[in-house]
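A.B. asks: Predicted model, plus sequence, below.
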Amino acid sequence: QVQLVESGGGLVQAGGSLRLSCAASRRTYSTRVIGWFRQAPGKEREFVAVIDWSDGATYYADSVKGRFTISRDNAEYTIYLQMDRLKPEDTASYYCAAGMAVAATPGAFESWGQGTQVTVSS
């Protein structure tokens, strides 16, 4: 099973930016896609963005479209989530996950990182 490690979270003011990283231990058939999800206290885990590692196709939740950008570095086995124009409602723990097919549901992803906290102050 692939190991995923997130980093880059922190505290930022509304309107600011953060870049999250997700480092994968290796690429296998089970890491065809990497997704970002987030979970705020008392809420369900929700889809943020996903990228197909082979062709770079990307998909976003409507709530982040135009503000967040997911990208990949094939040589470093790392996926990034650039978050711009952050809002207080973006505050959550952010998780990256590996799966075999593009999906927006957490259950479709097999391996998960430990999460990184993002807090946006108003």
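C.D. replies: Yep, that arrived. Numbering: from 1, shown residues only.

A.B. asks: Just the element for the residue nearest to the spatial centre of the chain, please.
C.D. replies: Residue closest to the mean C-alpha point of the chain, counted by CA atoms, centre = their mean, is residue 36 at 2.3 Å. Using DSSP states H and E, the secondary-structure element containing residue 36 is strand 33-39.

A.B. asks: Return the list of strands paired to that strand, each annotated with direction.
C.D. replies: Applying DSSP bridges, strand 33-39 is found paired with strand 46-52 (antiparallel), strand 92-99 (antiparallel).

A.B. asks: Report all helices and strands that whatever helix or strand comes next after the shortest one contacts.
C.D. replies: I take that to be strand 46-52. Heading C-terminal from strand 46-52, the first helix or strand you meet, by DSSP H and E, is strand 58-60. Here strand 58-60 touches strand 46-52, strand 68-73, going by 3 or more CB pairs under 8 Å, 6 or more residues apart in numbering; DSSP states H and E. All C-beta spots, glycine's among them, are computed from the backbone N, C-alpha and C.

A.B. asks: Could you list the paired strands of strand 58-60 along with their orientation?
C.D. replies: With DSSP bridges as the test, strand 58-60 is paired with strand 46-52 (antiparallel).

A.B. asks: what's the angle from the partner strand to strand 68-73?
C.D. replies: Relative orientation of strand 46-52 and strand 68-73, computed by axes from the mean of the first three to the mean of the last three CA atoms, to 10 degrees: 40 degrees.
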